[in-house]
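# Prediction below, plus the sequence it came from.
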Amino acid sequence: MGADLEHVLLTPDQIAERLDAMAAQIDEDYAGRELLLVGVLKGAVMVMADLSRRLHTPVTMDWMAVSSYGSGTKSSGVVRILKDLDTDLLGRDVLVVEDIVDSGLTLSWLVANLRSRKPASVEVAALLRKPESAKVDVDLAYVGFDIPSEFVVGYGLDYAERYRTLPFVGTLAKHVYTS
Ligand SMILES: O=P(O)(O)OC[C@H]1O[C@H](OP(=O)(O)OP(=O)(O)O)[C@H](O)[C@@H]1O
Ligand code: HPA
Ligand SMILES: [Mg+2]
């Protein structure tokens, strides 16, 4: 492991096993329906790729880019749409796919925004959640792992755009973002 990383929190095998279980649950819950998966760029790219390919439910995919973290380790609380959906949500069953719910600010804003577009339903699947960091409550239908309130990188998650391609989730050494 590089000097920038402290320890591995979730191995590729642990992630794969959880995604298997989440996909099975989603298939059961949406039996007979068609889903629109909405990936939140950029962090959710890996979860979207690996979760969507495990589903038997017919799906289409769309993407939104929102940013609240910029290059720091704290949410600014101000969510900006950098890229909107191409799909009309009217009457659709929507499943938002996220890498992490930390303060919850991004997702609570996003879910309210999507609901205003009159879909049939909006639910959320997130690989990671930090329960001790929650500033707002967001209802998550599918959660991979509850993790401690440390800044993590890998498997899509970045610090200043780096580390997204690591196959595992690990904690970043503090010297990387405090010096
Ligand atoms: O619960 P919150 O405290 O709001 O944090 C979660 C959000 O922050 C990260 O996105 P970021 O703004 O870093 O954009 P990125 O996915 O492009 O890295 C992450 O991917 C979530 O979307
Ligand atoms: O712990 C985190 N790591 C990377 N990006 C994030 N966005 C919110 N929390 C995190
Ligand atoms: Mg980020």
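Structure received. Ligands and ions are numbered 1, 2, ... in the order given.

# need the contact list for residue 164.
Residue 164 is in contact with 42, 43, 45, 46, 153, 154, 155, 156, 157, 158, counting by C-beta atoms under 8 Å, 6 or more residues apart in numbering. All C-beta atoms are positioned from the backbone trio N, CA, C, and that covers glycine.

# ok, so of these, who is nearest residue 79?
Top of the list for closeness to residue 79, among these and by C-beta to C-beta, is residue 43 at 13.7 Å.

# gap between the closest one and residue 28?
In this structure, residue 43 and residue 28 are separated by 26 Å, where distance is defined by C-beta to C-beta, to the nearest Å.

# And residue 176, by the same measure?
With C-beta to C-beta as the criterion, residue 176 and residue 28 are 41 Å apart.

# what do you get for residue 97?
In this structure, residue 97 and residue 28 are 17 Å apart, going by C-beta to C-beta.

# And residue 18, which helix or strand is it part of?
Here residue 18 is covered by helix 12-29, with elements defined by DSSP states H and E.

# Give the other helices and strands that that helix contacts.
Other elements packing on helix 12-29 under the criterion 3 or more C-beta pairs under 8 Å, 6 or more residues apart in numbering; DSSP states H and E are helix 45-52, strand 121-129, strand 142-146.

# For residue 43 and residue 28, indicate the residue with more neighbours.
residue 43 (22 against 9; other C-beta atoms under 10 Å).

# In three-state terms, label the residue nearest to the more buried one when sequence neighbours are not counted for me.
Leaving aside its chain neighbours, residue 43 sits nearest to residue 99 (3.8 Å; criterion: C-beta to C-beta, 6 or more residues apart in numbering). When classified by DSSP: H, G, I helix; E, B strand; the rest coil, residue 99 comes out as strand.

# surely residue 99 meets residue 41?
No: using C-beta atoms under 8 Å, residue 99 and residue 41 do not qualify as a contacting pair, with a distance of 10.2 Å.

# More neighbours: which of those two?
For residue 99 and residue 41, the more surrounded residue by other C-beta under 10 Å is residue 99, and the numbers stand at 26 against 15.

# can you put the helices and strands packed on helix 12-29 in TSV and add mean neighbour count?
Shown next, in TSV, are the helices and strands packed on helix 12-29 (neighbours: other C-beta atoms under 10 Å):
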stretch	mean neighbour count
helix 45-52	20
strand 121-129	22
strand 142-146	17
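
# State the number of residues packed around residue 147.
Using other C-beta under 10 Å: residue 147 sits among 20 other residues.

# For it, list the residues it contacts.
Residues touching residue 147, when contacts are defined by C-beta under 8 Å, 6+ apart, comprise 9, 10, 128, 129, 130, 169.

# The first one and residue 155 touch, don't they?
This means residue 9. No: at 10.0 Å, residue 9 and residue 155 do not qualify as touching, with contact defined as C-beta under 8 Å.
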